[in-house]
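1. sequence below, structure please.
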Amino acid sequence: MHGEYVPLKQAAIPITDRGFVRSDATYDVTHVWNGYFFRLDDYIDRFHQSMEGLRMSLPYSKAEIAEILHELVRRSGLTNAYVQMTCTRGVPKPGSRDPRECENRFYAFAQPFVWIANDEQRANGLSMVVSSVQRIPPESIDPRIKNFHWLDLTMGIFEAYDRNAVVSVLTDGKGNLTEGAGFNIFLVSDGKLATPDRGIFEGMTRRTVIELAEEAGLEIEVRPVKVAELAAADEVFITSTAGGIMPVTKVDDNIYGNGKPGPVTQKIYDLYWGKHDALWKADKVDYAV
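-> Predicted coordinates:
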């Protein structure tokens, strides 16, 4: 916490930090699987890009941040972990509203791996609704900068529960799909993948799927995806660091694959976790240090 290591339950930030009172912060989340970080350099690169987008900076190089994250996992002893790094604007000077006068602060933590979907949901598929809530438009805040502006996504979560579903996907208010709370969405039609290109956070798992689809010879389109396309889709799945590839077998009244995950989703799922087993883009955690 701003230079000190403490047990997670003792971690705290100043209540006047603008990251808390103004949601003036950016963050990123990587993960450790079977003792290896996955795509750690890519996650840290994206974290730095988000800080630059918000005019933030830290007195740590990318290599130093990587070492801090390794140290967190070493100390935790976790072999499967969810690891978050955060930069907040910091505490303003007394009486000042000038964000330039704040010292940006760095926080990071490791905890057991987090799943959006439980074992049964990953095996049998999630239920989803198309939310009536409009995603914050990219003209207001660039969604490629990972941030804590989650009230639209949180209202979408409540709407999903109200409609007896598990997750919801938001739209741009113009008939196009965007994303859900912590995940990107993919549609499969005639063996071809499609995923939204705008109004979304460009997730690392989404990036991995795009790369793996090309490697597997699956055609993929990154483009505007209409809500109406859901009715004609053969399969739907979502992607997130918190869970990888997760099948969706019901969206509103549409049921896919007789309520079971489809073959393309399964292929992408196997490729994704196979890359973990093959130590692709992996960084080993040395727990003996």
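2. could you use CA atoms for every contact and neighbour count after this?
-> Noted.
3. what does the helix or strand bottoming out on mean pLDDT in the chain contact?
-> Counting by mean pLDDT, DSSP states H and E, the weakest-scoring helix or strand in the chain turns out to be helix 119-124, with a mean of 91. Residues from elsewhere that reach helix 119-124, judged by Cα atoms under 8 Å, 6 or more residues apart in numbering: 246-247, 249, 259-261.
4. tell me the mean pLDDT over the helix or strand harbouring Ala194?
-> Secondary structure from DSSP states H and E places Ala194 in strand 192-195. Over the span of strand 192-195, the pLDDT mean works out to 97.
5. which elements pack onto that strand?
-> strand 184-189, strand 220-222 (3 or more Cα pairs under 8 Å, 6 or more residues apart in numbering; DSSP states H and E).
6. got the buried residues for that strand?
-> Neighbour counts over strand 192-195 (16 or more other Cα atoms under 10 Å) mark 193-195 as buried.
7. related to what we said a few turns ago, gap between the least confident helix or strand of the chain and the chain center?
-> 19 Å (Cα atoms, centre = their mean, to the nearest Å).
8. and stretch 138-150, by the same measure?
-> For stretch 138-150, the distance to the chain centre is 13 Å (Cα atoms, centre = their mean).
9. that stretch: end-to-end distance?
-> 14 Å (Cα to Cα, to the nearest Å).
10. quick one: the strands in the chain?
-> Under the criterion DSSP state E, strands of the chain are mapped to 25-33, 36-38, 81-88, 105-112, 126-134, 167-171, 177-180, 184-189, 192-195, 220-222, 235-240, 244-251, 254-255, 282-284.
11. contacts for the shortest one next, please.
-> Spelled out, that is strand 254-255. For strand 254-255, using Cα under 8 Å, 6+ apart, the contacting residues are 230-231, 249.
12. tell me the least confident of those residues?
-> Confidence-wise, Ala231 trails the rest of the contacts of strand 254-255, at 93.
13. identify the residues contacting it.
-> Going by Cα under 8 Å, 6+ apart, the list of residues near Ala231 reads Asn254.
14. likewise the one 4 residues further on?
-> In this structure, Glu235 makes contact with 187-189, 248-249, 256-257, 261-262, 264-265, judged by Cα under 8 Å, 6+ apart.
15. circling back to that earlier point, just the buried ones from the contacts of helix 119-124, in PyMOL syntax?
-> Selection of buried members from these for PyMOL, criterion 16+ other Cα under 10 Å:
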select buried, resi 246+247+249+260+261
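16. and the contacts of helix 119-124, which two are the farthest apart?
-> Using Cα to Cα, the contacts of helix 119-124 span at most 13.5 Å, a distance reached by Met246 and Gly259.
17. Val133 and Met155 touch, don't they?
-> Yes: contact criterion Cα atoms under 8 Å: Val133 and Met155 qualify, at 7.2 Å.
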